[in-house]
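Peer 1: Any chance you can model this:
(chains A and B)
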Amino acid sequence: MRPEHWLYTIPLRLRSLFRRVQADKELDDELRDHLERKTEEYVAQGMTRGEAHRCARLDLGGVDQTEEKCRDARRVNWIQDLVQDLRYGLRMLRKSPGFTAVAVVTLALGIGANTAIYSLMDALLMRRLPVADPASLVLLKWHISGKEDTDGTVVQRGSGYFDDDPKVGKTAPIFPFPAFEALRRSSNALSVLFAYHAAGRLTVLVGQQAEITSGEYVSGDCFRGLGTVPEAGRLITRDDDRAGAPAVVVLSHGFAETRFGDVANAVGQNVLIDNVSFTTIGVTPSGFFGVDPSKSPDLYLPFHADLLLDPERQPGSIDRYQDDHYYWTEMMGRLRPGVTIAQAQAGLAPIFDTWVAGTATTDEERKHLPQFLLQNGAGGLDRLRRSYSQPLYILLAMVGLILAIACANIANLLLARSEARRREMAVRLSIGAGQWRLIRQLMTESILRALLGGAAGILVALWGIRFLTNLLFAGSEPLPLRPELNFGVLAATLLLTVVTGVLFGFAPALQAARVDPMPVLKESSTGGPRFGARLRFGLGRMLVVSQLAICLLLLVGANLFVRTLANLHSLDMGFERQKLLVFKVNARQAGHRDPEILSFYGDLKRNLAAIPGVVNVAMANSPLIGAGAWGWPVVPLGQQRPENAPTGHGSGFSRSATRVLGVAPGFFSTMRIPLLAGREFDERGSGTLPVAIVNEAWAKVNLDGRNPVGQSVISFGFHAKPVLAEIVGLARNARYDDLTGDFPAIVYMPLEQNMDLPADEMTFFLRTAGNPLGYASAVREIVHRADPRIPVAALSTQTAQIEHEVIPETLFARLCTAFAMLSLAIACVGLYGTTSYAVARRTIEIGIRMALGARRETVVWMVLRDVLMLAIIGLAIGLPVALGASKVIESLLFGVKPGDPWSMVSALTTLLSAALAAAYVPAWKASKTDPIVALRYE
Amino acid sequence: MNGFAVCQRLKQVSGDVLQVSDGSLYPALHKLEHEGWITAEWKTSEYGRRAKYYSLTRLGRQQLEKEADNWGRLSSAISRVIKLKEA
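Peer 2: Next up, the predicted model:
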């Protein structure tokens, strides 16, 4: 409308709203004035004053009615109605504080749980990288379909992650460096193509303070490609990223700030990384974390800087820039404006196909060439999303179901109350309130209730987010993308709240407003019997049935997860996990070199063993659980080196592939891994024939279970020359790398043998007399005394380390159980309410029955039978649904089948007994009915 | 002009043909006011009495012209139709 229009109307509207009393007074004055004039006119025409007044009033057609009509012209009625509804609604909420409290708390739990889970999803699954134009970033991958693993393909060696994509098979984001160069040279679809790979944990010395922190190698175009603007100094360019360039480093904002006080101070400073001096050239902006939302490196090094950082640390690291079969380089690119992912895929795939075809030498390799795959990179690397998306969706489904139960509950209570408010509704209908107006009023009340619940829910969510974050990421480094209540999450919560209010409010409101006033008003105010109440109650019964069905679903889930957890906790490790302190020390990063490093570690081990209360100490070149494993072929003398056996460090090697662990003497006695034959390694000088201890699994795979002691084996390590060793012992199976599945084949070798692997990071295991963590400060002190440049890393108990591996499963089991209990409690409250109400309605019937001689047990049974019927219908619906739904969570289960009969039976029994218990109280009360009192109403 | 005067004038001008009932006049006036077509103010009348005086706004005048045009077209059309019937 035109502004001039508003000029007149807005002041009027505001006046009608906020100066209503005055507006009403003026209206009254105006009409009164009119009446007076009219009366005078009639008097002038010869009427008596009284007659004239009467005629004037008649002409006006009733002062009140006319005033009301004038008020209707004001166009602000809906606001006034709303205000009136809100006032009335608040009054109603206050009038029944108990019901309001139950409803608000139930909703707060439901909405809060949903908000917390959603904010977690928002942080982990939906947020984009905080860089310029994330939408045009793409992630480069390849996939090999139709094969379980990469055995026999051109992917012979590697360092990085492999994923199993249900759509395309085995995928991975790692490429040989020459492939990166080929793609960068000839790509037109991308404006920038850059590479990166994790530098892992680095020992950094700033001033006198040694610490372990994480780093990332980035190619010269990485920061340009991401469009990052430095906070101070400059970022890594192409010129920094070449072999022989000066050693430079870019620090993260947080690291620069805490170590140098101010980001500007950091530029130009020297930082000792793994005992190599690097010059700080710049600092990234705060909030920047590279391309992987699961980690936030503190140091960004030029890609080629890995040549400076201890080249012998990674076997073959000098060659890997030329190696066509070593897969390690991760890549991202930025699409040119106007180019779609599909177009870029079409442009890049032939380049990679040609390149990779040139690296294949056998028919098998040619048959299973990796296929190029381009993915949207707006969210950065999808590692986090992969591991968390399914659990999070399941959690979201769970909290959604809980909210549904809560809604059903409140709807049910409202239905019962709407019966109680029938008289009120009937009175209001009969004095002229429209049905729609009543519904609107009841809905306002419902939404008001939901909003209260939502507001309380936000508080619950704040707590829930903290709780979940602690639970999910306990022990691991904090995620750069924190779950929080941002605008999107709050908007989702508000929407959910309003939808909730409508959901639980609409049916009861509709039913309440459909009252036929006449019969209701004729009833006595004490509430006599009404027939047809059963019919009206159908909706309530339906709600109870669906509640019980949903409840069963959650209970089955909880049972399955609890059994999974029990199975995981009783897993046989093969070693004694109690009272074991584990930590890592890296002397090489502090500058120790062969052969001195081994004696350094040996001295450290002796000093640690001297701590009072330490029973004995084991030392190995890898932790046993959750940190991957070393592996290469070790076969009995006379056998050929197996084709395509994995070589290197990785996770998830097949069970029959040989894993190799380098250990110091005393390993087996400390870890309490029994030796079934032969002897443990002892302290012997070098120069003797290399020895090895194998485990049962290895002996079974390689020797068909023959006694291995005394046999000779050949170890094909990284270097060309195989090593001959004698088996001196047979150890019982124990874990190395993963927790579950069959025991892997392991060959243990003494560290002094060098094993083709230079001694690097060492893991110490302290068998202690008391609480292992009580020895932590003594350990730190001894390591510090040995070399102050070496920090103690990953110090924890073995039990905690194992538990860390099953955090998602533990979390799941606990949350699911908590959710199931919550839903059971809510459903029981609902059942109790419905039953009580049904019993109250049948008081007279029960009275008559008892007057006619029915016994108490009969009455109790009569009520329980009804509830049992509902429960059985609910279970009959819920059971098949639960069976189907449990298949969805199959991948999260361990040692339990989705349709596990015990879990089903246990869930059914729990639910049935809870339902009967909830119904028993009202049933028992009903049996106490005094027939005389009940019948006096008639 | 106040409400009472509007009433009188309507009767006068139409020669007592049009008699708007008092009961519908005031709601109508209020509706017009809330549309922004007329505006009202409280004045003291010639008899020393406070009364609400209405006057046309510019918008109201425009609207009036539009409605008058419409009415003119409609009424002449109707009278043409009626004459046609007589003929």
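
Peer 1: And the residue of the stretch 151-300 of chain A that's closest to chain B?
Peer 2: residue A:287 (51.8 Å; Cβ to the nearest Cβ). (Each C-beta comes from the backbone N, C-alpha and C, glycine too.)

Peer 1: residue contacts, residue A:852?
Peer 2: By Cβ atoms under 8 Å, 6 or more residues apart in numbering or on different chains, no residues touch residue A:852.

Peer 1: nope, residue A:107 is what I meant
Peer 2: Taking Cβ under 8 Å, 6+ apart as the test, what residue A:107 contacts is A:406, A:410, A:449, A:450, A:452, A:453, A:454, A:456, A:457, A:497, A:500.

Peer 1: Please name the nearest non-neighbouring residue to the residue in the stretch 551-700 of chain A positioned nearest to chain B.
Peer 2: Per Cβ to the nearest Cβ, residue A:551 is where the stretch 551-700 of chain A lies closest to chain B, at 54.5 Å. Excluding the flanking residues, the one nearest residue A:551 by Cβ to Cβ, 6 or more residues apart in numbering or on different chains is residue A:827, at 4.6 Å.

Peer 1: Mean confidence (pLDDT) on the helix or strand harbouring that neighbour, please.
Peer 2: Applying DSSP states H and E as the criterion places residue A:827 in helix A:807-841. Across helix A:807-841, pLDDT averages out at 80.

Peer 1: what's the answer for stretch A:856-871, then?
Peer 2: Rounded mean pLDDT across stretch A:856-871 is 86.

Peer 1: burial measure for residue 58, as a count.
Peer 2: This is for chain A. Using other Cβ atoms under 10 Å in any protein chain shown, residue A:58 has 12 other residues around it.

Peer 1: try chain B instead
Peer 2: Quick note: residue B:58 (other Cβ under 10 Å) scores 12 neighbours.

Peer 1: and what of residue A:409?
Peer 2: 28.

Peer 1: what's the spacing between it and residue A:825?
Peer 2: Distance from residue A:409 to residue A:825, counting by Cβ to Cβ, to the nearest Å: 10 Å.

Peer 1: try residue A:769
Peer 2: Taken as Cβ to Cβ, the span from residue A:769 to residue A:825 is 45 Å.

Peer 1: quick one, which of those two is more surrounded?
Peer 2: residue A:825 (16 against 12).

Peer 1: Distance of that one relative to chain B?
Peer 2: Separation of residue A:825 from chain B (Cβ to the nearest Cβ, to the nearest Å): 54 Å.

Peer 1: one step back: check which residues of the helix holding residue A:827 are buried.
Peer 2: A:809-813, A:815-817, A:819-820, A:822-841 (16 or more other Cβ atoms under 10 Å in any protein chain shown).

Peer 1: next helix or strand past that helix?
Peer 2: Next element after helix A:807-841 (DSSP H and E): helix A:843-851.

Peer 1: For that next one, buried residues please.
Peer 2: A:843, A:844, A:846, A:847, A:849, A:850.

Peer 1: Give me the packing partners of that helix, helices and strands only.
Peer 2: Where contact means 3 or more Cβ pairs under 8 Å, 6 or more residues apart in numbering or on different chains; DSSP states H and E, helix A:843-851 is packed against helix A:856-888, helix A:931-936.

Peer 1: Ranking those helices by mean neighbour count, which comes first?
Peer 2: Highest mean neighbour count among the helices and strands packed on helix A:843-851 (mean count of other Cβ atoms under 10 Å in any protein chain shown): helix A:856-888, with a mean of 17.

Peer 1: Pull the distance from that one to the chain's centre.
Peer 2: Relative to its parent chain, helix A:856-888 has a centroid offset of 32 Å by Cα atoms, centre = their mean, to the nearest Å.

Peer 1: What is the neighbour count of residue 49?
Peer 2: Using chain A here. Neighbour count of residue A:49, defined by other Cβ under 10 Å: 11.

Peer 1: meant chain B actually
Peer 2: Residue B:49, neighbours per other Cβ under 10 Å, totals 12.

Peer 1: Let me see the contact set for it.
Peer 2: residue A:33 are the contacts of residue B:49 under Cβ under 8 Å, 6+ apart.

Peer 1: One more pass at 10 Å, please.
Peer 2: By Cβ atoms under 10 Å, 6 or more residues apart in numbering or on different chains, residue B:49 lies in contact with A:33, A:36, A:37, B:2, B:43.

Peer 1: Residue A:864 too?
Peer 2: Counting by Cβ under 10 Å, 6+ apart, residue A:864 has contacts A:835, A:871, A:915, A:916, A:919, A:920, A:922, A:923, A:924.

Peer 1: ok, and the closest non-adjacent residue to the residue of chain B found nearest chain A?
Peer 2: Per Cβ to the nearest Cβ, the residue of chain B with the smallest distance to chain A is residue B:23, at 3.0 Å. Of all residues not flanking residue B:23 in the chain, residue A:61 sits nearest, at 3.0 Å (Cβ to Cβ, 6+ apart).

Peer 1: again with residue A:364
Peer 2: residue A:152 (4.6 Å).

Peer 1: measure the one you found to residue A:655 for me?
Peer 2: 18 Å.

Peer 1: count of residues packed around residue A:116?
Peer 2: Neighbours of residue A:116 (other Cβ under 10 Å): 28.

Peer 1: For it, which residues are in contact?
Peer 2: Residue A:116 touches A:395, A:399, A:457-458, A:460-469, A:483, A:485, A:489, A:493, counting by Cβ under 10 Å, 6+ apart.

Peer 1: Would you write a ChimeraX line that selects the buried entries of those?
Peer 2: Here is the ChimeraX selection string for the buried members of those, based on 16+ other Cβ under 10 Å:
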select /A:395,399,457,458,460,461,462,464,465,468,469,483,485,489,493
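
Peer 1: Close to chain A: what parts of chain B are there?
Peer 2: Residues of chain B found near chain A (Cβ under 10 Å from any Cβ of the partner chain) are B:2-5, B:7-8, B:19, B:21-40, B:42, B:45, B:47, B:49-52, B:57-60, B:62.

Peer 1: In space, what's closest to the spatially most central residue of chain A - neighbours in sequence excluded?
Peer 2: Most central residue of chain A, judged by C-alpha distance to the mean C-alpha position with Cα atoms, centre = their mean, is residue A:392 at 4.4 Å. Spatial nearest neighbour of residue A:392, chain neighbours left out: residue A:121 (5.0 Å); criterion: Cβ to Cβ, 6+ apart.

Peer 1: What segments of chain B are strands?
Peer 2: Counting by DSSP state E, chain B has strands at residues B:38-44, B:50-56.

Peer 1: Direction included, what does the first one pair up with?
Peer 2: So the one you mean is strand B:38-44. Applying DSSP bridges to the sheet, strand B:38-44 is found paired with strand B:50-56 (antiparallel).

Peer 1: distance between the partner strand and the chain's centre?
Peer 2: On Cα atoms, centre = their mean, the centre of strand B:50-56 falls 14 Å from the chain's centre.

Peer 1: I would like the residues contacting that strand, please.
Peer 2: Residues contacting strand B:50-56 (Cβ under 10 Å, 6+ apart): A:26-27, A:29-31, A:33-34, A:36-37, B:1-6, B:26, B:29, B:32-33, B:37-45, B:60, B:62-64.
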